[in-house]
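>>> Got a predicted structure plus its sequence, pasted below:
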Amino acid sequence: MAVKPFTRQPKLFRTLEPYLYLAPATLFLIVVFFYPIVQVIRLSFMQMEAVGGPIVSLGNYQLVFEDPVFWRGVKNNGELLLTVPIMTVLGLILAILLFERVVGWKIYRTMIFMPSILAVPTVGLAFVYLLGMNGILNTLLRGIGLGAITREWIGNATWVIPAIGLVIIYREVGFGVILFLARLMSLDQEILEAAEIDGANWWQKHTYVTIPQLGAVIEFFVIVEFITMLSWVFGYVYTMTSGGPSFASTVMEFYIWKHAFAFRTPGMAAAVAVILLIITTVFIFLQLRIRHQRLD
Amino acid sequence: MKTTALRLMTLLLVLTFLVSACAKATNVTPGAFPVEAKPTATQGMPTAAPPEEKIELTVWYWGDPDAPGADKWLAETADKYMAMKPNLKITIVTQDGSTLFSALQTAASSNSGPDIASQWATGPVLSFVWSNALVPVSDFVPADELKHWLNLNENTYNGKVWGASLYIVGVYFIYNKDMFQTAGVTPPGPNERWSWDQFMAACEKLKASGVVPFALGDSDGYGGAWFFSTLGMQGLDSTDELRQAVIGKASFKDAKYTGFYKLLDDMVKKGYLNSDVMSIQHAQAFVRVSQGTAAMQWGIDGVIKQTLKDMDPAKVGVMRVPKWGTGKMADYGDATQSTSYLITKWSKHPQEAADFIAFWHSQERLNAWYAATGVVPADDRFDINLVTDPVMKQVITWNITGTQVWLENWIPGQVDGDGDLPAGQLIFSQGGTPDAAADIWERAADSWRKQNPKELENWTNWQQ
């Protein structure tokens, strides 16, 4: 039996080989991700309207920046970012309490995580009834003699964003708790025991030992939630307030939706989508940079 | 060789004749209608299609929210019509109000979709006229038939009627007679109308008697929008005056356009409204009078009919919206066809579509419509004696008497959504002043003009 002699593959083939393996997936990514992005960027430079054709223009960006409703949306997105530190701290406290196995911790774990698996419109609509003038919250307040502080929590320009923020915290905090808890479960128990032997109290143990070891997970959660607050809150706003009362709860995503589907000015919608894309990209790069620094 | 060439030429000639013969028999080029497409329909008697031709009509329909029972009526109407025309198949696709405009827009951009579409009257309809998505209904329905259809002025443009009317709904105040009596309030008579001051005086008495004078829901903005259409109209002399502000030749900050917000602001500040205005949607307040939690509320035909069912009819009263303004439109009615029915440009059977719409206006179908919905059909042949309830009779009389304009139909959709709705919310949530509400209108109109230059051109050239 003749043995096939070993032959070296051509250098060019060896150079290209990995790229050939990557080609199908790359092509898929180009079609699914990059093509729509390019199209949105292209659309943002066109003045599209229900009547008439496209005109290449930078005007959409100018109109967006001149529009006070857009800036109101940016401000509201900014205010919703304040929920991120609240969620992070709350998530950490709850995760540590569950990790400590307080009585009934399995039930609490389920209860805390449950909202995260509910659909956003379901949560949003439920809170519309809870936070209405004659909703459960105000009924409770009246019941305990605090009727004077009742108000239309989502029908009031001052309170609508805090109310939406509260609903977001309710739904999103469970995700953080599960992330933190999973990391806590994988911690080396000996380190915690050593801290206890060294005389660290509960607060010191978690502040100086536990939390520093959760750094990577906290960083991941914070970045994901930052991006969520900027580009993933449409469902809450749409189902709870439709941006009202009178633009008080409008956000950038809602602005995009309104212009794309209600006002039939997709060029404007695309311009804001590009702006939002740039902002979220900055956050993604920020995350990558922090991660690199941590690894270094 | 010569023989072969001769044979080929003969074959070519025969083929040419065949093709041209077929071309004459085939269909209409979109946008250009053949001589055969002239109006021929008589009421309920379709004539255009030869009996052997198989025809399919698709109808996109919205009507049930305005007139509960409308969907069932249309299904029954389609069945009856198909029984008369065995070669015809009608498919009804019920539409959602929130996507009524965008769905048709998508269809128009691809030149395919329904043969008959439904759309909000006037501004939205004209938007499709200007984008060349429709053919005039009046090109396919004979004038002696069309003259019976009401409110056609809402969709008349360049001398053609672009949308057919099916029903008419008007907006009024419903009140509880008992609560009025207890508070010592005398309602206006059928031919009378309160002034705004009389209305406010009545609210004060009702409030003093311990009831909520007026129930309203505005979390969706439509509570305020109804005030714009009814009170806002009263400062104007014509719809063209409104158009001037839309196109930027006048300012919405002028009191004749937005001065009515001061009245609404006063109403809120004096506590004449329910405490949960911004927690409930407009339609959710439609049950407050029948629930006994308010003395007055908005009512539209279907709501009035339902209120008469839900409480003792003897305790239900209706009145026209109080008079405030001094414009020529202050005395107009506010009844509208609400939804219009359109024939699309891409329909292969525009005549059959028109015949089907005309069938809706046959006497038997008009009567069946009223029986199914309790809403008056948009046709002067409807026998008003069929209406036995005195309250509904009064409402219908108002609906069909005098000039009727629903002002919200006469502004672009974007100005409505970006100006009208949030401006009302600003007042009812007490998030700003009436002047700030006027600013919202002005900003919305300005944005619309900048973002839609072609549409602005159409609105500017529109001779109302």
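Thanks, I have it.
>>> if you skip the residues just before and after it, what's nearest to the residue minimising distance to the centre of chain A?
With distances taken as CA atoms, centre = their mean, residue A:228 lies nearest the centre of chain A, 1.5 Å away. Spatially, and ignoring its direct neighbours in sequence, residue A:228 is nearest to residue A:172 (6.9 Å; CB to CB, 6 or more residues apart in numbering or on different chains). No exception for glycine: its C-beta is placed from N, CA and C like everyone else's.
>>> looking at it, that neighbour is touching residue A:116, isn't it?
Yes: between residue A:172 and residue A:116 there is a contact under CB atoms under 8 Å: 7.0 Å.
>>> Neighbour count: those two, which is higher?
residue A:172 (23 against 16; other CB atoms under 10 Å in any protein chain shown).
>>> quick one: secondary structure of the more buried one?
Under DSSP: H, G, I helix; E, B strand; the rest coil, residue A:172 falls in the helix class.
>>> show me the contacts for it.
Residues near residue A:172 by CB atoms under 8 Å, 6 or more residues apart in numbering or on different chains: A:83, A:87, A:116, A:225, A:228.
>>> mind checking pLDDT for residue 142?
Assuming you mean chain A. Looking at residue A:142, its pLDDT stands at 96.
>>> To clarify, I was referring to chain B.
You'll see residue B:142 listed with a pLDDT of 97.
>>> Quick check: phi and psi at it.
Per-residue torsions, residue B:142: phi -60, psi 150 (degrees, to the nearest 10).
>>> gap between it and chain A?
Residue B:142 sits 31 Å away from chain A, going by CB to the nearest CB, to the nearest Å.
>>> I'd assumed residue B:381 was in contact with residue B:363.
Yes: counting by CB under 8 Å, residue B:381 is a contact partner of residue B:363 at 6.3 Å.
>>> Name the spans of chain A whose pLDDT lies under the cut-off.
Low-confidence segments of chain A, defined by pLDDT under 70: A:1-8, A:48-56.
>>> Can you pull the residues of it lying near chain B?
A:47, A:49-52, A:59, A:63, A:67-69, A:132-135, A:152, A:154-157, A:241-242, A:244-248, A:258, A:261-265, A:267-268 (CB under 8 Å from any CB of the partner chain).
>>> Across the sheet, point out what pairs with residue B:404.
Beta-bridge partners recorded for residue B:404 (DSSP bridges): residue B:333.
>>> What is the neighbour count of it?
Close neighbours of residue B:404, defined as other CB under 10 Å, add up to 20.
>>> thinking it is in contact with residue B:165, fair?
No: when contacts are counted by CB under 8 Å, residue B:404 is not listed as touching residue B:165 (10.9 Å).
>>> For those two, list the residues in contact with both.
Taking CB under 8 Å, 6+ apart as the criterion, residue B:404 and residue B:165 both touch residue B:151.
>>> how about the strands in the stretch 1-150 of chain B?
For the stretch 1-150 of chain B, the strands defined by DSSP state E, counting those that start in this stretch occupy B:55-61, B:88-94, B:116-120, B:134-135.
>>> So which elements touch the second one?
If I follow you right, that is strand B:88-94. Packing contacts for strand B:88-94, counted by 3 or more CB pairs under 8 Å, 6 or more residues apart in numbering or on different chains; DSSP states H and E, involve strand B:55-61, helix B:70-84.
>>> who's in contact with the closest residue to residue B:321 other than its chain neighbours?
If the residues on either side of it in the chain are set aside, residue B:321 comes closest to residue B:230, at 4.2 Å by CB to CB, 6+ apart. By CB under 8 Å, 6+ apart, residue B:230 lies in contact with B:171, B:321, B:334, B:407.
>>> Return the member of the residues you listed nearest to chain A.
Nearest to chain A among the contacts of residue B:230: residue B:407, at 19.8 Å, using CB to the nearest CB.
>>> Quick check on the residue lying closest to residue A:234 once chain neighbours are set aside: phi, psi?
Closest residue to residue A:234 apart from its sequence neighbours, by CB to CB, 6+ apart: residue A:253 at 3.9 Å. The phi/psi pair for residue A:253 (degrees, to the nearest 10) reads phi -60, psi -40.
>>> near chain A, which residues of chain B?
Chain B comes close to chain A at residues B:101-102, B:105, B:127, B:130-131, B:218-221, B:275-280, B:413-414, B:417-418, B:421-423, B:425-426, B:428-429, B:431-432, B:440, B:443, B:447-448, B:450-455, B:458, as judged by CB under 8 Å from any CB.
>>> which of these count as buried?
Listed as buried from the residues of chain B next to chain A are B:101, B:105, B:127, B:130-131, B:218-221, B:276-280, B:413-414, B:417-418, B:421-423, B:425-426, B:428-429, B:431-432, B:440, B:443, B:447-448, B:450-452, B:454-455, B:458; burial here means 16 or more other CB atoms under 10 Å in any protein chain shown.
>>> Among those, which are located in strands?
Among those, no member falls in strands (criterion: DSSP state E).
>>> Counting only helices, which of those make the cut?
Residues of those located in helices (DSSP state H): B:101, B:105, B:127, B:130, B:413-414, B:421-423, B:425-426, B:428, B:440, B:443, B:447-448, B:450-451, B:454-455, B:458.
>>> show me what contacts the residue in chain A positioned nearest to chain B?
Nearest to chain B in chain A, going by CB to the nearest CB, is residue A:155, at a distance of 2.5 Å. Contacts for residue A:155 (CB under 8 Å, 6+ apart) come out as A:132, A:133, A:244, A:245, B:219, B:276, B:277, B:278, B:279, B:429.
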